[in-house]
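**Student:** Predicted model, plus sequence, below.
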Amino acid sequence: MKLALRLCLIFAACAAQPVLAQADQPVDQSEPFSDPAQDSFNAVAFGARDAGFSGEIGIALLNRDGTQRLLFTSEGGPAPLPWASVTKQVIATMVMQQVERGRITLDAPVITYLPLPPAGDTPSPTIRELLQHRAGLRNPEGTDGDDTSFYRSGLSRPAAAQWCLTDRAAPPAQGWAYNNCDYIVLGAVLEAVTGEEMDRLLADYIFLPARMKTARLVSPLDAPDPAQPEGLAGYGTSAAITGNAEDMLRFSLALMQGRLLGEEAQAEMWRGDPQLGFMALGQWVYDAPLNGCKAPQRIVERRGGIGAFQALHVILPDQGRALILLGRAPETDFGTIWAGQGLAYDLLSDLACTESQ
């Protein structure tokens, strides 16, 4: 639903407006519809709620003058939620940071950085092939007829990486196959080239520069948490980061502001490959028309899901805007942005498009 129509619904349902948590620049609540950012957020929040989404919803806005805004709901307090495969976007960013420092080369074979277990004449995949799910690694999904048995096995991160590298096949000549092992191995590569444990790497290279407060990588040593999916720690650097909505928005802003990557490295990470369905490195990047925008918009998209939890993280870099949905909503269908249908397309149109664009 477009912004003007949705604001009419919001005005009629003002008493039911979600509780808003805000950061960086306060919003004047005495005139809730005089602020374009607040209007956009209300349209997005009510659109997601109307579609049955349950969880945290947020937008980040980076203005051309450098000012920034974070607007988000925080149901039941800012408790950390699984980021699922948005974790892969974080790991890809860390890989590119090491590319900038000359410690990793994208097209170098993994054996340059890690000893590989024997696999006959099977060649070593490259770092780029890991980032784009083209490495031919063993796949933990469906292990022993149970999709979660690998993740519940309690393997340490090094042991998990070795499991992934055993019995690997040759990288495919074309196409890709989604595989969490690719990013489990990338985590091991990052530890090998830096000599640091992953928790320290995440803090130094991502969480602190982005000013994130709750984000962390769940460890196999942690006590089981009934609020989290079973076996979450076993996903490691493929999907085991948790954090609240504010932190994911701060990650968005740090990317848009160039605080995590230089211009050249970020351009490489965000170069969608048409031959791979516009997969870039750790995310999908493409141009898509949105309802109400005069020109197609550049979209940086990363989704994830584990059990009952879903995550959607979309950046509009040319507009300086980002949208996240983070929570427990397995029945919610985000739709397909590039095809012009579904919830994510509708919400981005409300967020991004005005008569002047």
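**Tutor:** Structure's in. What do you need?
**Student:** so who does the residue nearest the centre of the chain touch?
**Tutor:** Ranked by distance to the mean C-alpha position of the chain (C-alpha atoms, centre = their mean), the top residue is residue 86 at 2.6 Å. The contact partners of residue 86, by C-beta atoms under 8 Å, 6 or more residues apart in numbering, come to 241, 248, 302, 303, 304, 311, 313. No exception for glycine: its C-beta is placed from N, CA and C like everyone else's.
**Student:** tell me which element the second one falls in.
**Tutor:** Here residue 248 is covered by helix 245-256, with elements defined by DSSP states H and E.
**Student:** starting at the chain centroid, how far to that helix?
**Tutor:** Relative to its chain's centre, helix 245-256 lies at 10 Å (C-alpha atoms, centre = their mean, to the nearest Å).
**Student:** Which neighbouring elements make contact with the helix or strand following that helix?
**Tutor:** Following helix 245-256 in sequence order, the next helix or strand is helix 263-269 (DSSP H and E). Secondary-structure packing of helix 263-269 (3 or more C-beta pairs under 8 Å, 6 or more residues apart in numbering; DSSP states H and E): helix 86-100.
**Student:** in the helix it packs on, what's buried?
**Tutor:** Across helix 86-100, burial judged by 16 or more other C-beta atoms under 10 Å covers 86-99.
**Student:** Now stretch 43-55: average pLDDT?
**Tutor:** For stretch 43-55, the mean pLDDT works out to 89.
**Student:** host element of residue 314?
**Tutor:** Going by DSSP H and E, residue 314 is in strand 309-316.
**Student:** do you know how far the closest residue to residue 319 other than its chain neighbours is from residue 256?
**Tutor:** Sequence neighbours aside, residue 352 is the residue nearest to residue 319 in space, at 5.8 Å (criterion: C-beta to C-beta, 6 or more residues apart in numbering). Counting by C-beta to C-beta, to the nearest Å, the separation of residue 352 from residue 256 is 14 Å.
**Student:** before we move on, back to that, closest to residue 113 among the buried residues of helix 86-100?
**Tutor:** Nearest to residue 113, judged by C-beta to C-beta, of the buried residues of helix 86-100 is residue 98 at 9.7 Å.
**Student:** just checking, that closest one touches residue 186?
**Tutor:** No. Using C-beta atoms under 8 Å, residue 98 makes no contact with residue 186, being 10.3 Å away.
**Student:** how about the buried residues of helix 86-100 in JSON lines, adding pLDDT and distance to residue 37?
**Tutor:** Below are those laid out as JSON lines (pLDDT from 0 to 100; distance: C-beta to C-beta, whole Å):
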{"residue": "86", "pLDDT": "98", "distance to residue 37": "23"}
{"residue": "87", "pLDDT": "98", "distance to residue 37": "28"}
{"residue": "88", "pLDDT": "98", "distance to residue 37": "29"}
{"residue": "89", "pLDDT": "98", "distance to residue 37": "24"}
{"residue": "90", "pLDDT": "98", "distance to residue 37": "26"}
{"residue": "91", "pLDDT": "98", "distance to residue 37": "31"}
{"residue": "92", "pLDDT": "98", "distance to residue 37": "29"}
{"residue": "93", "pLDDT": "98", "distance to residue 37": "26"}
{"residue": "94", "pLDDT": "98", "distance to residue 37": "30"}
{"residue": "95", "pLDDT": "98", "distance to residue 37": "33"}
{"residue": "96", "pLDDT": "98", "distance to residue 37": "30"}
{"residue": "97", "pLDDT": "98", "distance to residue 37": "30"}
{"residue": "98", "pLDDT": "98", "distance to residue 37": "35"}
{"residue": "99", "pLDDT": "98", "distance to residue 37": "35"}
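**Student:** how about the residues you listed in TSV, adding distance to residue 208?
**Tutor:** What follows is the buried residues of helix 86-100, written out as TSV (distance: C-beta to C-beta, whole Å):
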residue	distance to residue 208
86	19
87	17
88	20
89	18
90	13
91	17
92	19
93	14
94	13
95	18
96	17
97	13
98	17
99	20
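**Student:** how near is residue 115 to residue 163?
**Tutor:** 14 Å.
**Student:** ok, those two, which is more surrounded?
**Tutor:** Of the pair residue 115 and residue 163, residue 163 is the one with more neighbours under other C-beta atoms under 10 Å, namely 20 against 9.
**Student:** what kind of secondary structure is the more buried one in?
**Tutor:** Put simply, residue 163 is helix when judged by DSSP: H, G, I helix; E, B strand; the rest coil.
**Student:** And for it, nearest residue in space, chain neighbours not counted?
**Tutor:** Counting by C-beta to C-beta, 6+ apart, residue 155 is the residue found nearest to residue 163 once chain neighbours are left out, at 6.4 Å.
**Student:** isn't that neighbour right next to residue 220, touching?
**Tutor:** Yes. The pair residue 155 / residue 220 is scored as a contact, 7.3 Å apart, by C-beta under 8 Å.
**Student:** what about residue 236, neighbour count?
**Tutor:** Neighbour number of residue 236 under other C-beta under 10 Å is 31.
**Student:** in the strand holding residue 314, what's buried?
**Tutor:** Residues 309, 310, 311, 312, 313, 314, 315, 316 are the ones in strand 309-316 that count as buried (16+ other C-beta under 10 Å).
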